[in-house]
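**Q** mind looking at a prediction? Sequence and model below.
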Amino acid sequence: MSDADLQVVIRRVRAAYPWIAAIVFGPEEDDDVGLCPGVAPHPAVPRPDRSELLWCVDSPGRGRVLAHTCACRMTWFELLSYGGAYRIRRNTVPRPSVPAVSYAGGWRRQEADDWWRRLIAGYAG
């Protein structure tokens, strides 16, 4: 990738996700956004006795986002609806040997809400 191409990528990431860009590329000189936009909850630190979710990289297609965590951290989550089935999508900043996007679930609504609350509270991961 040429330096010009890299600058285009950096500019687009800064426009779409300024808080992630500040973490990955460092803050711009005139950056007043800060590292956290404060628009969604932050999941608690995962507890050592947490329940492990089974994550897979196979995308179930497009779903409707019902809830999400703040994207200011290396990993953020979304609760998705697929017409009666519910999944949790885990998104991470791209890095070696870690899938950028993975999915857990295939639950009914009540069970999905329960897993979502556990994830936010650090009891699932």
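**A** Alright, I've got the coordinates.
**Q** lowest-confidence helix or strand of this structure?
**A** helix 18-25 (a mean of 72; mean pLDDT, DSSP states H and E).
**Q** contacts only, for S59.
**A** Contact analysis of S59 by Cβ atoms under 8 Å, 6 or more residues apart in numbering lists V101, Y103. Backbone N, C-alpha and C define where each C-beta goes, glycine included.
**Q** follow-up on the earlier one: send the alpha carbons of the following helix or strand past the least confident helix or strand of the chain over as CSV?
**A** Remark: after helix 18-25, the chain's next helix or strand is strand 64-68, criterion DSSP states H and E. The C-alpha coordinates for strand 64-68 follow below in CSV (Å, rounded to 0.1, in the frame of the first residue of the first chain):
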residue,chain,number,x,y,z
ARG,A,64,-31.0,-5.2,12.8
VAL,A,65,-29.0,-3.7,15.7
LEU,A,66,-31.0,-3.6,18.8
ALA,A,67,-28.3,-2.6,21.3
HIS,A,68,-24.6,-1.9,21.2
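**Q** count the neighbours of I120 for me.
**A** By other Cβ atoms under 10 Å, the residues close to I120 number 17.
**Q** wait, is it part of a strand?
**A** No - using DSSP: H, G, I helix; E, B strand; the rest coil, the assignment for I120 is helix, not a strand.
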